[in-house]
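K.L.:
coords please:
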Amino acid sequence: MEISNSNTTTRLNPDEVNWNEPQSYLGTIGYWKSNKDGEITWEPRCNFDFVIERELSSAAGGGFVLQVKPEWGQQQYRAILTSEDAASPDKFTAAIAKASGRYAIVSLTKWELNALMAAKLAAYHRTRNGQIFHCIDRYGQQDNGSWVFENLQLTPKGKQTEENDSLTIFNPILDAEEYISCPILADPNGIDGLKALIEAAIIVFGSDNIHQFLLCCGWVVAGLKFQSILKQERRFPLLNAYGAVGSTKNVALQAALSLVGINWSDDGIISKVTLKAVNEHLNKTGSLPVIWDAPLTGENSRELDEFSNCAYNAKPRMVRGNLQKQHSPIGLSSDRVIGSDRDATFTRFARIPFYPGGNTNAIPMLKEAMKQASGSFPVLINIGYNRQKINAIQSEFLALLPLAHERIAWNLAVVVYYAEKLIELVGREENPRKWALDNLTPIENHSNQLGYFIRCIIALENKNLIGSWDKRIFTDEQGVKWGAIYPASVWSEVQKVYKATTFNQKSLKMQLLKVGGKLDKSVRFYASRDEVLAYNEEILTAGKDKEGNPIKPKSPQKKMKKAWLIPLEMFGINADIDPDTDLPNNLSDKGFGDEPESLGGETVKTVETVVKPISVSFTDELAIAQSSLNTETAETTETVLTQIPVLLNDELAIALRAGAATAIAQPLPDSETAETVVKPNLVSLSNAFSANVSGLQLPTGNQETVKIKVKQDNNLHTATSGESSEELVFTTLDRVSSVSPAKTTLDRELQPETPVVSGQFHPVSKSSTNSALTQKAIIEDTPRAVTLRRPDGRLIHLPAEYPGARGKNQMNEPQQIAKLLWNIQSKEDWEAIETRYGEMRSLWVWRWHFNQAQRTALANLISGKCKQLVLF
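P.N.:
Next up, the predicted model:
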């Protein structure tokens with residue numbers, strides 16, 4: 001450069017273009033100017049200097065990587081600018097200040113700035129070979145399959161690479177309106193990080209939730225193949241981890257997300273955000289699984305459903321004319337199932353239920369393992385997508401999901417496949433596929449939701465929390481009998497006790513209509529629970545008039561309520577045996593379903609109750625109460641309440657007495673006043689065991705396939721033991737009606753149930769239960785797969801579902817078998833039942849339709865220890 005008195009002259013090469021750009025001097029950018037006296041002076045325009053380090057290309061129009069040095073600074077700063085940042089002096093000033101973290105001055109015109117950038121870019125091409133680099137527009141996986149993070153770049157195969165090799169530049173800011181974090185990977189450690197994480201998780205989650213954790217990990221690893229799976233299948237399963245507070249679901253999700261990055265266990269979970277922010281996150285991250293905790297509910301649930309429907313297929317979203325594409329998968333964490341009232345949404349999720357349990361004291365150990373888990377990231381992204389194997393797993397689920405949508409089977413298959421891959425990598429024996437088949441398929445068969453709801457109603461009815469004030473038998477205009485419930489009251493009680501998470505009132509309505517039920521039918525119920533209970537108490541304590549007749553208290557009032565009508569057979573009620581006996585308050589106000597009939601079709605007269613003690617005899621190991629029910633056909637009918645003496649240490653006698661003690665007075669009609677008079681309809685011996693169920697409580701865990709605390713006894717009974725069969729504590733809420741007993745014979749004894757703990761079985765908790773009466777008993781309302789051991793050592797594997805007829809008969813046939821077992825009198829009766837229905841079906845009903853005391857009684861009778869005695 002040559003300076004004269006009048007102007008500045010710059011010598012240029014013949015192939016160079018003179019932009020008349022600002023020059024650099026002493027850490028500033030400006031122009032050399034001559035004053036009035038002809039002196040050449042420096043006129044600064046910028047308080048910094050820079051060079052172009054990289055030229056960038058991108059869909060947004062490219063940009064630059066600058067090395068910026070402030071005038072008085074000793075440190076250089078790397079600044080990534082888009083083409084838009086260099087479009088005006090103001091934007092250029094803001095970009096430089098943001099990159100350097102220092103105040104920046106740019107006193108250039110737009111033309112001067114353009115000239116400066118053109119000259120700097122020309123120098124870059126002359127001195128730095130002019131290579132064009134790609135600037136990422138999202139963290140994680142790029143369109144070419146490579147992975148770009150702040151501290152690491154990986155090839156699609158997981159091999160480390162550098163900027164100069166990949167020609168890709170990490171952009172710490174992105175062009176996002178919302179702040180989005182980038183995963184920070186731990187130092188590569190092979191499978192050590194994954195192995196330590198799973199071993200720590202086994203201690204924390206235990207048998208209650210370890211398989212759920214593995215499935216969450218499977219979904220996270222599948223999410224790392226999001227781009228590949230979406231390209232082939234045009235869909236990707238959404239995750240819905242659900243469970244009550246304290247079920248450790250969020251701990252499991254955080255641990256699973258730690259496989260993506262040290263910080264991803266926190267930054268990978270978003271909450272209290274708008275749909276706009278969620279879409280932005282999915283657009284600016286690539287194949288990085290994210291969890292939305294406590295998503296939109298209430299009035300916004302419709303928006304969440306629509307979002308889920310689009311996210312499943314990664315449909316792009318149009319925002320202010322720009323196409324916003326989804327590049328990462330999303331899962332949801334909630335207390336209840338998402339989308340249960342809309343099939344289109346419901347079928348797009350892989351649902352994983354979590355239950356209270358595990359060892360939370362070991363969480364600090366799990367947190368330490370989470371810090372190194374992402375060191376296995378290069379290994380995890382090497383796991384491919386095997387379409388054939390996933391389709392094979394899907395076929396297994398489809399075979400067990402006749403009532404579910406095909407999407408549900410595929411969703412679970414993808415998650416299970418990658419969970420199994422993780423188990424293979426660390427060399428463990430857990431079997432997430434078997435656990436999912438045994439425990440998730442009963443939940444996913446859609447009809448189970450309504451069935452479980454009905455079982456809850458029956459259990460609460462036994463506890464007197466639901467009764468004639470919100471549930472009754474109703475006969476409609478066509479003479480069809482229904483189980484009528486007042487949904488507002490019934491749902492409130494079910495939620496209080498069981499905290500239903502897999503369904504809501506909307507989904508129940510849909511399923512009720514599918515099975516032929518009716519909604520919003522006006523039905524007459526008793527006005528309130530308090531009135532009915534008070535009336536029952538008055539009946540039990542009522543005095544007598546001068547003639548010795550009981551004094552009738554005033555009947556509780558009735559009122560019309562909007563009810564759901566449920567097919568009566570779903571309650572296990574025989575319409576021919578259980579008539580509709582409710583009356584209206586006034587005959588002139590009588591409506592359909594209120595005409596009481598006896599079994600013979602005649603009007604039922606008042607029933608008086610007489611309490612008569614009877615003697616009870618007990619056999620050697622089984623206390624069997626024998627009673628004589630004395631009924632007289634006259635103007636009044638006497639119902640006998642058996643008073644059972646309690647023998648010390650005799651659990652069966654206690655159970656029988658507890659059953660008789662829970663007698664519930666039922667309203668019966670008065671033919672003269674047309675008002676309902678409640679007489680004690682006390683529980684007879686035939687229902688004593690059913691009444692004892694009222695003292696039991698359902699677990700807070702899996703309402704479909706709950707795992708309970710049981711005694712793991714694998715020892716075979718010997719002939720010299722002389723003890724009754726000791727059973728795992730289970731019971732059922734199914735109520736069955738008595739029918740005429742079948743005459744039968746059998747000489748095989750049933751032995752204690754043996755839970756098989758192996759890689760092919762989900763082990764139950766190790767805590768034991770010695771008695772159903774010495775600690776809180778737990779009810780398993782829906783069966784699961786178990787194994788029974790015969791005296792000869794033969795194992796009998798009972799499946800989770802009834803091994804017989806499907807569809808409607810799947811409920812009716814077990815009830816028929818249960819009715820026969822209720823009336824069994826000898827071991828010959830058992831053989832007749834077994835011959836008719838088969839060993840597997842008979843044992844399945846014995847196992848799941850009776851509680852521990854009942855099974856013990858049946859086992860002793862079948863084995864011949866009790867002969868020709870009426871058990872129930």
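
K.L.:
Provide the backbone phi and psi angles at residue 27.
P.N.:
phi 80, psi 10 (degrees, to the nearest 10).

K.L.:
From the contact counts, what lies against the lengthiest helix in the chain?
P.N.:
The residue-count maximum for a helix in the chain (DSSP state H) belongs to helix 192-223. Secondary-structure packing of helix 192-223 (3 or more CB pairs under 8 Å, 6 or more residues apart in numbering; DSSP states H and E): strand 238-242, helix 249-257, strand 349-353, helix 363-373, helix 377-380, helix 406-426, helix 432-439. C-betas here are computed from N, CA, C, even on glycine.

K.L.:
switch to 6 Å and redo it
P.N.:
helix 249-257, helix 363-373, helix 406-426, helix 432-439 (3 or more CB pairs under 6 Å, 6 or more residues apart in numbering; DSSP states H and E).

K.L.:
Which one, of the ones you listed, ends up nearest to residue 835?
P.N.:
In terms of CB to CB, the element of those nearest to residue 835 is helix 432-439, at 29.3 Å.

K.L.:
On the C-terminal side of that closest one, identify the next helix or strand.
P.N.:
Downstream of helix 432-439, the next assigned helix or strand under DSSP states H and E is helix 441-444.

K.L.:
roughly how far out does that following helix sit from the chain middle?
P.N.:
Mean-position distance between helix 441-444 and its chain equals 11 Å (CA atoms, centre = their mean, to the nearest Å).

K.L.:
picking that back up, so of the helices and strands packed on helix 192-223, which one's packed in deepest?
P.N.:
Neighbour counts (mean count of other CB atoms under 10 Å) averaged over each of the helices and strands packed on helix 192-223 peak at helix 249-257, with a mean of 26.

K.L.:
State the distance from residue 153 to residue 567.
P.N.:
Separation of residue 153 from residue 567 (CB to CB, to the nearest Å) stands at 62 Å.

K.L.:
Kindly report the same for residue 35.
P.N.:
Residue 35 sits 102 Å away from residue 567, going by CB to CB.

K.L.:
and these two? which has more neighbours close in?
P.N.:
residue 567 (19 against 8; other CB atoms under 10 Å).

K.L.:
what are the bridge partners for the more buried one, then?
P.N.:
residue 482 (DSSP bridges).

K.L.:
per-residue confidence for it?
P.N.:
The model reports residue 567 with a pLDDT of 90.

K.L.:
Residue 812: how many residues sit nearby?
P.N.:
12.

K.L.:
Look up the closest residue to it, ignoring the ones flanking it.
P.N.:
Leaving aside its sequence neighbours, residue 812 sits nearest to residue 569 (CB to CB, 6 or more residues apart in numbering; 6.8 Å).

K.L.:
same question, residue 28
P.N.:
Nearest non-adjacent residue to residue 28, counting by CB to CB, 6+ apart: residue 44, 4.1 Å away.

K.L.:
mind checking the backbone torsions on that neighbour?
P.N.:
Dihedral angles for residue 44 - degrees, to the nearest 10 - are phi -70, psi 140.

K.L.:
My guess is it contacts residue 30. True?
P.N.:
Yes. Look at residue 44 against residue 30 with CB atoms under 6 Å: they come within range, at 4.0 Å.

K.L.:
Any idea how many residues pack against residue 310?
P.N.:
By the measure other CB under 10 Å, the count of residues near residue 310 is 15.

K.L.:
To what extent is the residue lying closest to residue 137 once chain neighbours are set aside buried, counted in neighbours?
P.N.:
Nearest residue to residue 137, sequence neighbours excluded (CB to CB, 6+ apart): residue 58, at 6.1 Å. Residue 58 is flanked by 17 other residues according to other CB under 10 Å.

K.L.:
where in the stretch 101-250 of the chain is pLDDT low?
P.N.:
175-176 (pLDDT under 70).

K.L.:
please redo it, this time with the cut-off set to 80
P.N.:
For the stretch 101-250 of the chain, applying pLDDT under 80 flags the ranges 128, 173, 175-178.

K.L.:
ranges for the strands of it?
P.N.:
All strands of the stretch 101-250 of the chain, identified by DSSP state E, counting those that start in this stretch, fall at 132-135, 139-141, 147-148, 153-154, 168-169, 238-242.

K.L.:
so which of the ones you listed gets nearest residue 226?
P.N.:
Nearest to residue 226, of all the strands of the stretch 101-250 of the chain, is strand 139-141, at 7.7 Å by CB to CB.

K.L.:
Residue 26 is in contact with residue 49, correct?
P.N.:
No. In this structure residue 49 lies outside contact range of residue 26 using CB under 6 Å: 8.6 Å.

K.L.:
Neighbour count: residue 44 and residue 30, which is higher?
P.N.:
Neighbours per residue (other CB under 10 Å) separate residue 44 from residue 30, with residue 30 holding more: 19 against 16.

K.L.:
tell me which element the more buried one is part of?
P.N.:
strand 28-34.

K.L.:
Show me what that strand is packed up against.
P.N.:
Here strand 28-34 touches strand 40-46, going by 3+ CB pairs under 6 Å, 6+ apart.

K.L.:
and for the next helix or strand after the strand it packs on, what are the contacting residues?
P.N.:
Next helix or strand after strand 40-46 toward the C-terminus (DSSP H and E): strand 48-57. Residues outside strand 48-57 that contact it (CB atoms under 6 Å, 6 or more residues apart in numbering) are 24, 27, 29, 62-70, 120-121, 124, 132-135, 169.

K.L.:
and stretch 190-204, C-alpha only, in PDB?
P.N.:
Taking Å, rounded to 0.1, in the frame of the first residue of the first chain, the C-alpha atoms of stretch 190-204 are listed here in PDB:
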ATOM      1  CA  GLY A 190     -17.800 -48.700  25.400                       C
ATOM      2  CA  ILE A 191     -20.600 -50.500  27.200                       C
ATOM      3  CA  ASP A 192     -19.300 -49.800  30.700                       C
ATOM      4  CA  GLY A 193     -21.600 -46.700  31.100                       C
ATOM      5  CA  LEU A 194     -24.700 -48.700  29.900                       C
ATOM      6  CA  LYS A 195     -23.800 -51.700  32.100                       C
ATOM      7  CA  ALA A 196     -23.400 -49.500  35.300                       C
ATOM      8  CA  LEU A 197     -26.600 -47.800  34.600                       C
ATOM      9  CA  ILE A 198     -28.700 -51.000  34.300                       C
ATOM     10  CA  GLU A 199     -27.100 -52.600  37.300                       C
ATOM     11  CA  ALA A 200     -27.800 -49.500  39.400                       C
ATOM     12  CA  ALA A 201     -31.400 -49.400  38.000                       C
ATOM     13  CA  ILE A 202     -32.100 -53.000  39.000                       C
ATOM     14  CA  ILE A 203     -31.400 -52.000  42.600                       C
ATOM     15  CA  VAL A 204     -33.500 -48.900  42.500                       C
END
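
K.L.:
returning to that earlier point: among the helices and strands packed on helix 192-223, which comes closest to residue 316?
P.N.:
helix 406-426 (20.7 Å).

K.L.:
Counting by contacts, list what the closest one packs against.
P.N.:
Against helix 406-426 (3+ CB pairs under 6 Å, 6+ apart) you get helix 192-223, strand 349-353, helix 387-400, helix 432-439.

K.L.:
Brilliant, that's me finished.
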